[in-house]
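> here is my input; please provide its structure:
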Amino acid sequence: MYNNKKIFILGMAKSGYEVAKLLSESNEILICDAKNQDENSIKELESLGVKIIITSEPENFLNDSYDVVIKNPGVFPYHPCITKAETLNIPVVNEMEVAFHYLNPKTKIIGVTGSNGKTTTTTLINEILESAGVNVILGGNIGTPLSKVAKNTTEDTILLLEISDHQLNDLHEFKTDISILTNLCPTHLDYHGSYEKYLSVKKKIFNYHTKESIAIINASNSDSINITNDIASTKVYFNDSNNYLKNGIIYINNEPIISTNDILLKGIHNYENILAALVLLTKLNIDFKYAKKVLQEFKGVEHRLEYVATINDVVYYNDSKSTNPVATITALKSFDANIHLILGGMERSQDFNDLAPYNNKIKRIYAIGEVRSRIVEFAQNNSIPVFSCETLKLAMENIKENTKPGDTVLLSPASASWDQYAKFEDRGDEFKNIVNTYK
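Residues are numbered from 1 along each chain as shown. Coordinates of the predicted model:
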């Protein structure tokens with residue numbers, strides 16, 4: 001399908017780099033990116049015949065001689081280059097769509113998506129499957145582009161993919177065998193334009209499903225139920241009358257499996273992620289003994305309610321991955337009171353008023369990033385002491401002066417990081433580095 005083609009790759013990063021390597025043998029390839037790239041990676045691609053141009057106006061290099069545009073998931077759908085491609089009737093896909101066609105056709109594909117919890121759920125599933133001796137390959141939005149591992153798949157492989165809405169947006173023929181939808185809430189609206197569009201994109205995780213395909217769905221999330229009403233999949237639910245948490249015990253098919261006392265992860269949101277993972281095990285015929293062992297030791301995902309340190313009886317948590325208010329609400333639910341909350345980042349029209357029911361837990365707010373003026377307004381309207389700090393570093397300086405023993409410092413920004421950081425991991429790493437200087 002991708003042989004003897006002229007291919008335009010918009011945005012390099014990991015996915016552009018890997019898909020260019022995958023396709024370089026039999027295609028003419030141009031990569032355009034606005035940012036300078038790693039010199040060694042550029043040299044490697046150029047040695048494979050790939051042409052690379054650093055430009056802020058890639059649309060000037062796209063013309064009707066190209067057969068396909070491969071878009072980096074981070075590039076917005078209304079980018080001028082994408083608009084031009086549509087005008088020229090050039091198909092727009094992403095590297096996951098391309099790599100799908102290079103998989104062993106008998107490889108079982110499990111896709112995990114959702115507004116929150118997908119990384120934790122995917123990581124947990126991977127650890128359980130590895131513990132059970134399953135030949136599992138982990139990839140997708142979790143860090144390894146599918147293009148990098150596609151040719152390593154066999155008929156015995158289980159391919160486990162975290163799939164973001166940005167990736168789903170440009171999938172067309174891609175199909176999973178099992179899809180997990182953790183939950184849905186309004187997020188990434190700047191990317192999609194509306195919540196309705198976001199929901200329709202998320203629904204693509206069930207594309208081409210038949211009765212033989214399995215959909216694992218959160219029964220307590222109304223939007224997840226609504227968008228899956230008409231899918232062809234065999235639907236299995238968690239948070240329902242069969243698979244649930246009750247009195248500190250997780251039940252699967254109404255059978256007690258494990259006590260939350262024996263699970264290292266804490267929080268209702270994490271128990272929901274665990275429920276989704278355990279339901280999947282029933283469909284793969286994996287013994288729960290492997291899950292029990294992993295759950296006793298699994299610490300969760302870096303930057304997601306990650307415990308950092310306790311210093312002078314002040315506890316620090318890094319929740320940089322919370323890039324929308326719903327994720328921050330989940331974090332706030334995990335604590336009782338005296339929270340010094342660091343909020344803010346990129347302006348994406350997020351509604352901080354959603355946090356209002358948990359105001360009694362917040363001792364002070366530290367507003368950072370380009371959205372900080374709206375955070376200050378929210379805090380003042382709700383009589384919460386607030387500091388406008390612009391940067392995380394300034395926020396931490398204020399926090400150091402204002403915390404007392406028994407307080408909790410929580411970086412849970414309810415905002416994307418792209419106004420000041422390349423990715424949320426960089427924001428979380430800076431937070432942890434600063435905290436570690438206090439020791």
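
> check contacts around Y244.
F238, I250, Y251, L275 (CB atoms under 8 Å, 6 or more residues apart in numbering). To be clear about C-beta, it is placed using only N, CA and C from the backbone, and glycine gets the same treatment.

> in three-state terms, label the residue located most distally from the centre of the chain for me.
Going by CA atoms, centre = their mean, the residue of the chain most distant from its centre is S65, 34.8 Å out. Here S65 is recorded as coil under DSSP: H, G, I helix; E, B strand; the rest coil.

> just checking, it touches F8?
No - S65 is beyond contact range of F8, at 9.4 Å (criterion: CB atoms under 8 Å).

> okay, now the domains of the chain?
Listed by automatic domain parsing, the domain ranges of the chain are 6-93, 98-295, 306-437.

> got the ones you listed as TSV, with mean pLDDT columns?
Shown next, in TSV, are the domains of the chain (pLDDT from 0 to 100):
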stretch	mean pLDDT
domain 6-93	96
domain 98-295	96
domain 306-437	95
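
> wait, is L171 part of a helix?
No - assessed with three-state DSSP, L171 is coil; it does not lie in a helix.

> just give the nearest non-adjacent residue to it, would you?
With sequence-adjacent residues excluded and distances taken as CB to CB, 6 or more residues apart in numbering, L171 is closest to E97, at 5.1 Å.

> number of residues surrounding that neighbour?
By other CB atoms under 10 Å, 21 other residues sit near E97.

> what secondary structure does it sit in?
helix.

> N4 touches S26, doesn't it?
Yes - counting by CB under 8 Å, N4 does reach S26; the two are 6.0 Å apart.

> would you map the strands across the stretch 101-250 of the chain?
In the stretch 101-250 of the chain, the strands defined using DSSP state E, counting those that start in this stretch lie at 108-113, 136-140, 158-162, 178-181, 214-218, 234-238, 244-246, 249-252.

> who does the first one touch, helix- and strand-wise?
Counting contacts by 3 or more CB pairs under 8 Å, 6 or more residues apart in numbering; DSSP states H and E, strand 108-113 is packed against helix 118-131, strand 158-162, strand 178-181.

> in CSV: the ones you listed, plus mean neighbour count and distance to S200.
Shown next, in CSV, are the helices and strands packed on strand 108-113 (neighbours: other CB atoms under 10 Å; distance: least, CB to CB, whole Å):
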stretch, mean neighbour count, distance to S200
helix 118-131, 24, 18
strand 158-162, 24, 20
strand 178-181, 26, 13
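
> between the ones you listed, which gets nearest to Y317?
Smallest distance to Y317 across the helices and strands packed on strand 108-113 (CB to CB): 14.7 Å, for helix 118-131.

> tell me how far V279 lies from F100.
25 Å (CB to CB, to the nearest Å).

> pretty sure I342 sits in a strand.
Yes - I342 forms part of a strand when assessed by three-state DSSP.

> what about it, neighbour count?
Residues near I342, counting by other CB under 10 Å: 31.

> OK, contacts around V279?
So V279 contacts I216, V236, Y237, F238, N243, I252 (CB under 8 Å, 6+ apart).

> just give me the closest of those to N360.
Taking CB to CB as the measure, N360 lies nearest F238 of the contacts of V279, at 30.1 Å.

> what's opposite that closest one in the beta bridge?
Counting by DSSP bridges, F238 forms beta bridges with N218.

> test my guess that it contacts S224.
No - at 10.5 Å, F238 does not count as touching S224 under the criterion of CB under 8 Å.

> now do the shared contacts for those two.
I217, N218.

> comparing those two, which residue is more hemmed in?
F238 (27 against 24).

> thought H192 was touching S164?
No - H192 lies out of contact with S164 (CB under 8 Å); the separation is 11.8 Å.

> what is the neighbour count of P91?
Neighbours around P91, by other CB under 10 Å: 14.

> could you give the backbone dihedrals for it?
phi -60, psi 140 (degrees, to the nearest 10).

> count the residues that sit near the nearest residue to it once chain neighbours are set aside.
Spatial nearest neighbour of P91, excluding adjacent residues (CB to CB, 6+ apart): V68 at 5.1 Å. By the criterion of other CB under 10 Å, V68 has 21 neighbours.

> and V68, what does it touch?
Y2, K5, I7, F8, I90, P91, V92, V93.

> swap in D262?
Here D262 is in contact with K292, L295, Q296 (CB under 8 Å, 6+ apart).

> roughly how far apart are the last one and E127?
Which is Q296. Taken as CB to CB, the span from Q296 to E127 is 12 Å.

> and for Y358?
31 Å.

> L281 too?
If you go by CB to CB, the gap between L281 and E127 works out to 12 Å.

> please apply the same query to E430.
Taking CB to CB, one finds E430 at 27 Å from E127.

> kindly report the same for N324.
Distance from N324 to E127, by CB to CB: 26 Å.

> pipe the strands of the stretch 101-250 of the chain into a markdown table and attach distance to T122 per row.
Listed next are these as a markdown table, based on distance: least, CB to CB, whole Å:
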| stretch | distance to T122 |
| --- | --- |
| strand 108-113 | 5 |
| strand 136-140 | 7 |
| strand 158-162 | 4 |
| strand 178-181 | 8 |
| strand 214-218 | 12 |
| strand 234-238 | 15 |
| strand 244-246 | 20 |
| strand 249-252 | 19 |
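
> these: which one's closest to I258?
Nearest of the strands of the stretch 101-250 of the chain (CB to CB): strand 249-252, 5.3 Å.

> one step back: and the residue farthest from the centre of the chain, what does it touch?
S65 neighbours (CB under 8 Å, 6+ apart): K6.

> now D177
K108, I109, I110, S213, I214.

> between these, which sits nearest I31?
I109 (27.0 Å).

> rewinding a little: which one of the helices and strands packed on strand 108-113 lies nearest to A422?
Among the helices and strands packed on strand 108-113, helix 118-131 sits nearest to A422 (CB to CB), with 17.7 Å.

> chain center to that closest one, what's the gap?
Remark: helix 118-131 is offset 14 Å from the chain centroid, using CA atoms, centre = their mean, to the nearest Å.

> what angle do it and strand 214-218 make?
130 degrees (axes from the mean of the first three to the mean of the last three CA atoms, to 10 degrees).

> can you tell me what sits against helix 118-131?
With CB under 8 Å, 6+ apart as the contact definition, helix 118-131 has outside contacts at 110, 112, 114, 136, 138, 140-142, 158, 160-164, 180, 182, 265, 270, 273-274, 276-277, 280-281, 284, 286, 290-291, 293-295, 298, 300-301, 304, 321.
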